[in-house]
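Pasted the sequence and its predicted model underneath.
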Amino acid sequence: MPKATETVLEINLNYLEQNYSYLKSKLQPKTMFLAVVKAFAYGSDQVQIAKKITELGADYLAVAYTSEGVAIRKAGIHIPILVLHPQEVNFEEIVAYNLEPSIYSVRILDQFIKYTSSINKEDYPVHLKFNTGLNRLGFLEVDIDQIVKKIKETTAIKVASAFSHLAASEDVNEKEFTEQQIQRFIAINTKLDGLLGYSPIKHMCNTSGILNYPEAHFNMVRSGIGLYGFGNDPKYDVHLKPIASLKTVISQLHTLEPNQSVGYNMAYTVKEKMITATLPLGHADGIGRIYGNQKGFVFINGKKAPILGNTCMDMIMVDVTTIDCKEGDEVIVFNEKHTADALATSAGTISYELVTGISQRVNRIFIF
């Protein structure tokens, strides 16, 4: 690829294919694969990612909100799309665009049955979300009798899947908790299948679940962060390639004398003569204020340059005193070598937050 001449996010779809193949290699041949493309496909591009992952053979897609699913449908993608957090106001669009809602409460179940019945739908696919310990969304096991009774009283909907979400599948210290979640999910599905009289798809594993708990793969698994190149563990990270590279350029160099300050509120004061570089990206692009004051860093000509002072809306300043560089030189914020995970960790956050926060004003470039 040519050197960056502005702030860009390069998205390598070949790396996406490699990551998908690695995750698929952990599954039994008949286990279905659901690709999570919410949050603009983890900060990359939901349409391009959805197209590529569909070409690769994914069975399902998942989004958080209805609008994300609508955008994918409008791009001509036809495989099933699960909407993980629908609201009543979304039901008309959900049905119009053939999206499949997660049903996570009695209120949402009643409302969706009412809506689909009113427009004479038959066997519209829904997905029952069960809470096995994350305590975020979902029915409990004690709700099964009530929800099955409601489902059997209508022909408007049919359960396509039952699913849950692991709370700590990447944490070896929480293995007992995770195994308890898995056992709860098995018990839930034993009862659910018996009362429904048929067996919906079951899915519980996220990326770390796929890698660490093969006994919980059931009929289908879900992967988000793994597709984008992060395995939440160094032993898995070596098999995955981050698909996104955030690059920018040096706009201007400054030579500062001792006791001069850098940026807003004089947050950094120069102690010895220093050369700084100003870069055209800031917290409006996704590099938040938490990365300022030498917590975050970039790489210029292979060398690490710490961020100085407070991150500005559209700019950051870095220390290049010991780096041979000039205005116009390319800057690596993160890529497959200098990872988003390392940068996020330096500021006390996680790769998910960093990559999903990259602003839509940053130009996306695709590598096929």
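Yes, it's here. Residues are numbered from 1 along each chain as shown.

so where do the helices sit in this structure?
Using DSSP state H, the helices of the chain run over 13-24, 38-43, 46-56, 66-74, 91-96, 106-118, 144-152, 175-196, 207-212, 234-237, 340-346, 351-356.

Just put the ones you listed in TSV and tack on mean neighbour count and distance to G226.
Using the backbone N, CA and C atoms, a C-beta is placed for each residue, glycine as well. Converted to TSV, the helices of the chain look like this (neighbours: other C-beta atoms under 10 Å; distance: least, C-beta to C-beta, whole Å):
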stretch	mean neighbour count	distance to G226
helix 13-24	19	5
helix 38-43	23	10
helix 46-56	20	12
helix 66-74	20	19
helix 91-96	16	27
helix 106-118	17	29
helix 144-152	15	31
helix 175-196	17	17
helix 207-212	24	3
helix 234-237	13	8
helix 340-346	19	13
helix 351-356	22	11
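
To T269, which of those helices lies closest?
helix 340-346 (21.5 Å; C-beta to C-beta).

just to revisit the earlier point, wait, which of the helices of the chain is closest to E272?
helix 340-346 (23.2 Å).

Can you lay out the helices of the chain as TSV showing distance to N131?
Below are the helices of the chain laid out as TSV (distance: least, C-beta to C-beta, whole Å):
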stretch	distance to N131
helix 13-24	25
helix 38-43	19
helix 46-56	27
helix 66-74	22
helix 91-96	22
helix 106-118	13
helix 144-152	12
helix 175-196	9
helix 207-212	16
helix 234-237	27
helix 340-346	28
helix 351-356	21
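
As TSV, these with mean pLDDT and distance to V221 would be great.
Formatted as TSV, the helices of the chain follow (pLDDT from 0 to 100; distance: least, C-beta to C-beta, whole Å):
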stretch	mean pLDDT	distance to V221
helix 13-24	98	8
helix 38-43	98	16
helix 46-56	98	14
helix 66-74	98	20
helix 91-96	98	24
helix 106-118	98	24
helix 144-152	98	23
helix 175-196	98	13
helix 207-212	98	5
helix 234-237	96	14
helix 340-346	97	22
helix 351-356	98	18
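
Which one, of these, ends up nearest to I332?
helix 340-346 (10.2 Å).

Which residues does that closest one contact?
If you take C-beta atoms under 8 Å, 6 or more residues apart in numbering as the criterion, helix 340-346 is touched by 230, 237, 242, 244, 246, 291, 295-297, 333-334, 350-351, 353-355.

ok, now stretch 23-33?
20, 57-60, 201, 203, 207, 210-211, 214, 217-221, 223, 226-227.

And for stretch 167-175?
With C-beta under 8 Å, 6+ apart, stretch 167-175 has contacts from 133-134, 177-178, 181, 205-206, 208-209, 212-213, 232-233.

Which of the residues in it are classified as buried?
By neighbour count on 16 or more other C-beta atoms under 10 Å, the buried set for stretch 167-175 is 167, 169-170.

Select only the buried ones of the contacts of stretch 23-33 in ChimeraX?
Here is the ChimeraX command that selects the buried residues among the contacts of stretch 23-33 (16+ other C-beta under 10 Å):
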select :20,58,60,201,203,207,210,211,217,218,219,220,221,223,226,227
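
separation between the residue nearest to I77 when sequence neighbours are not counted and C205?
The shortest distance from I77 to any non-neighbouring residue, by C-beta to C-beta, 6 or more residues apart in numbering, is to A50 (5.2 Å). As defined by C-beta to C-beta, to the nearest Å, A50 lies at a distance of 21 Å from C205.
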